[in-house]
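S.K.: I'll drop the sequence and a predicted model, then ask my questions.
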Amino acid sequence: MTTSASPSWLEDLSTSLTGAVAAVAPSTVAVHSHRSRSSGFIWRSGLIVTADEALSEEGEIAVTLAGGETIQATLAGRDPTTDIALLRIDRTDLAPTPLHKTELAAGSLTLVVGAEDGRPTAALGIVSRSGGAWRSLRGGEIDARLELDLSIQRRAEGGLALSAAGQAVGMAVFGPRRRVLVIPAATIERVAARLESHGRIARGYLGLGLQPVAVEGAEESGAMVMSVDPKGPGATAGIHQGDILVAWNDEPIPHVQPLLRALGPDSVGQVVTLGLRRAGESRQVSLLIAERPAA
């Protein structure tokens, strides 16, 4: 007499993974915008979160729902600094996927679930790096650093990143050199809510075109003013083309990029003291940071 063998741990794992994908598939969508294909997910009733970088700058937007139905979408807002875009659809019968502010340790198993032609796509890997809050190259504030050791297709960008427990912890996007990063739930909730109500994320504005430059006769570097918006904060503060900014609130300005990163949402309305060089003389000016005008 023979007895059937009990399922192996690999079979159990496979069953768990397919179950996790099936659980979020109904709220995962394919996003189509002018020659671009990506994924997204139902964030709230009538609202879809997707990756901003994967979204075309112009043209119509459509989404394909689970099951294959394609409907039109409109752009509610986008924030390139955190790679989050928000779309509106005329549907309120689609259940969102709850986002969990769960910390994942390096080595944790993770799934990325995207969508293509009404069907889910999936990739399995591990968390290769887990860290604290950081700023993107464009100055966006990301609440946690999660890098994944897995490979996804371009069409899966904007899909959900899941923990081993099947909880959606954020959105998968491409970082430098196509590394897969996760925009965590806390960042999505904060930014998407602002996009829903205001359509954009406020950023600080100096009204200055800057270029890095070495300061003659000193070991320090600075930022040369290449252009001045005549109606901007820099012009109001009396900054001229050709001035070299060397300090921000008495802190040296080693590069232009850190200065631009300081112009986040919280900077609007702040007064900063800028140290500058003009015709070989050192000066200090006070500047009131304004909100960057809409493009």
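M.R.: Arrived safely. Numbers count the residues shown, from 1 in each chain.

S.K.: The residue nearest to G275 when sequence neighbours are not counted: which element?
M.R.: Distances taken as C-beta to C-beta, 6 or more residues apart in numbering put A247 closest to G275, at 3.1 Å, once the chain neighbours are dropped. Where you see a C-beta, it was placed from the backbone N, CA and C, and this is true even at glycine. Per DSSP states H and E: A247 is located in strand 244-248.

S.K.: and that strand, average pLDDT?
M.R.: What strand 244-248 shows for mean pLDDT is 92.

S.K.: Output that strand as CSV - backbone C-alpha positions only.
M.R.: Extracted in CSV, the C-alpha atoms of strand 244-248 (Å, rounded to 0.1, in the frame of the first residue of the first chain):
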residue,chain,number,x,y,z
ILE,A,244,28.9,83.7,-6.6
LEU,A,245,27.0,82.1,-3.8
VAL,A,246,29.4,80.6,-1.2
ALA,A,247,27.3,80.1,1.9
TRP,A,248,23.7,79.2,2.9
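
S.K.: Other residues contacting that strand?
M.R.: The contact list for strand 244-248, computed with C-beta atoms under 8 Å, 6 or more residues apart in numbering, reads 210, 213, 215, 220, 222-225, 252-253, 259, 262, 272-278, 282.

S.K.: Let's see which of the residues you listed end up in strands.
M.R.: The strands, defined by DSSP state E, take in 210, 213, 222-225, 252, 272-278, 282 from those.

S.K.: are any of those buried, and which?
M.R.: Among these, the ones that count as buried by 16 or more other C-beta atoms under 10 Å are L210, V213, G222, A223, M224, V225, V272, L274, G275, L276, R277.

S.K.: Those into a markdown table, with extra columns for pLDDT and distance to S56?
M.R.: Converted to a markdown table, these look like this (pLDDT from 0 to 100; distance: C-beta to C-beta, whole Å):
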| residue | pLDDT | distance to S56 |
| --- | --- | --- |
| L210 | 92 | 29 |
| V213 | 88 | 36 |
| G222 | 87 | 37 |
| A223 | 90 | 32 |
| M224 | 92 | 34 |
| V225 | 95 | 34 |
| V272 | 95 | 36 |
| L274 | 95 | 37 |
| G275 | 93 | 42 |
| L276 | 93 | 40 |
| R277 | 91 | 43 |
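
S.K.: Since that was my last question, I'll sign off now.
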